[in-house]
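>>> Show me how the following folds:
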Amino acid sequence: MQNVLNGIPLWWYLVVSSALFCIGLYGTLARKNAIALLMGVELMLNAANINLLAFWRYLAPDTAGGLAFAAFVLVVAAAEAAVGLALVISVYRTTRSIDPETLDQMKL
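Numbers count the residues shown, from 1 in each chain. This next block holds a predicted model:
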């Protein structure tokens, strides 16, 4: 097993990924804006992607499993962004607000 890849140890990737995940979690939990909420979720998905690729590259670089998981996460992130933005636009057209706390009814 290789401890260093191109001079960068694995724990650096994990620190960057955990910092990115914490920023995304804060953005998801503390914001009152639907767009910021979606951006926080995107940051958390990118942090998970960094972890997937780092562990793949350090543990099994001769297989394509890590790349397949990373591509799947990117597809899920793109679908989440498209559906999320469509919902935000629809809610804004109806209520003239993108505050998720004002949405207390399913049918507007």
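>>> now what about stretch 33-43, what contacts it?
With contact meaning C-beta atoms under 8 Å, 6 or more residues apart in numbering, stretch 33-43 is reached by 20-21, 23-29, 31, 77, 80-81, 84-85, 87-88, 91, 98-100. C-beta coordinates here come from the backbone N, C-alpha and C atoms, glycine included.
>>> Keep only those of these that are in helices.
Of the contacts of stretch 33-43, the ones assigned to helices by DSSP state H are 20-21, 23-29, 77, 80-81, 84-85, 87-88, 91.
>>> Generate a ChimeraX selection restricted to the buried subset of these.
To isolate the buried ones among those in ChimeraX, judged by 16 or more other C-beta atoms under 10 Å, type:
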select :20,21,24,27,28,77,84,88,91
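>>> Tyr58: neighbour count?
When neighbours are defined as other C-beta atoms under 10 Å, Tyr58 has 17 of them.
>>> I'd like the average pLDDT over the helix or strand harbouring it.
Using DSSP states H and E, Tyr58 sits in helix 34-59. Mean pLDDT, helix 34-59: 90.
>>> and it, which residues are buried?
Residues of helix 34-59 classed as buried: 34, 37-54, 56-58 (neighbour count, 16+ other C-beta under 10 Å).
>>> Nice, that's everything, thank you.
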